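Enquirer: how would this look folded up:
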Amino acid sequence: MMTPLERLRVEKASADCGFERTPILLSDGGLELRSARFPEAIFVHIREGVFRVSASNDVLLDGADASETSVGDLDQLYAVLQRASAIARTIPNRVADQFRRAKKHLPQTTEAERLVVQRVGQDLYRSALMDYWQGRCCVTGLAVPALLRASHIKPWAKCESDDEKLDVFNGFLLAPHVDALFDGGWISFSDQGSLLVSDALPSAARAQLGISPEWTIRNLKPAHAPYLTFHRANLFRRVSLFARCEVSKGEAV
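Expert: The predicted structure follows:
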């Protein structure tokens, strides 16, 4: 059971992190946190001085074990709630639904007008990725918004629907050089987030670009996997055995 002070602190944290509805006191002493912007709920309990957080949809909690995550202090609780709120605002179809509502009021008869509509979609998508990845490059941690790129995993032109184009799980927020490498197929990532570097990229270039074996993307969701599979199969550069031998000879000279 929460003390009055603990409850007050959790209620303030929930409001600050996007759960603006009045928390509901549960029969077991926990609090149910909700927002008008999404239907999912977060549940917070305090047991033995530890905040225990669960969700109505497990996807809201990164790295949760058995559908629950535990944090030891208020700062960590803020981080969990902010991340959960960001995911809830951007999970599949929500950005696409915003786009569809916006399109209804925009003319699309000329090429120029269609480009305006596309720009609206891309702006919504960038905003969603900024929210989902908390304003940081998901590979390097760079946190300068003006430099960050909203990078599709499966390219916009290859997507079969607005739901694919605007699916937050079909995108990464990347620093400019990482975006160029990923978009060009020079690098890719495994379903677990491990870096893959194309054999077509010479070792000297890797060093000049600052590519590090430590590069990884943490907390990927299963929904990222189909898009990453597409990227590895269709965009990731592969070289033949003959070409690989030629590259090796060139580097040895």
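Enquirer: distance between stretch 91-106 and the chain's centre?
Expert: 19 Å (C-alpha atoms, centre = their mean, to the nearest Å).
Enquirer: buried stuff in it?
Expert: I91, P92, R94, V95, A96, Q98, F99 (16 or more other C-beta atoms under 10 Å). (Each C-beta comes from the backbone N, C-alpha and C, glycine too.)
Enquirer: wait, the third one sits on P39?
Expert: Spelled out, it's R94. No. Contact criterion C-beta atoms under 8 Å: R94 and P39 do not qualify, at 10.3 Å.
Enquirer: show me where this structure has strands.
Expert: Ranges of strands in the chain, per DSSP state E, are 24-25, 31-35, 38-47, 50-55, 68-71, 149-152, 171-174, 187-189, 195-197.
Enquirer: mean pLDDT lowest for which of the ones you listed?
Expert: Mean pLDDT is lowest for strand 68-71 among the strands of the chain, at a mean of 91.
Enquirer: what about I187, distance to R37?
Expert: Separation of I187 from R37 (C-beta to C-beta, to the nearest Å): 34 Å.
Enquirer: of the two, which one has the most company?
Expert: I187 (23 against 14; other C-beta atoms under 10 Å).
Enquirer: OK, contacts around the more buried one?
Expert: Neighbouring residues of I187 by C-beta atoms under 8 Å, 6 or more residues apart in numbering: V178, L181, L195, L196, V197, S198, L201, I211, W215, F236.
Enquirer: ignoring the adjacent residues along the chain, who's closest to H152?
Expert: G171 (5.4 Å; C-beta to C-beta, 6 or more residues apart in numbering).
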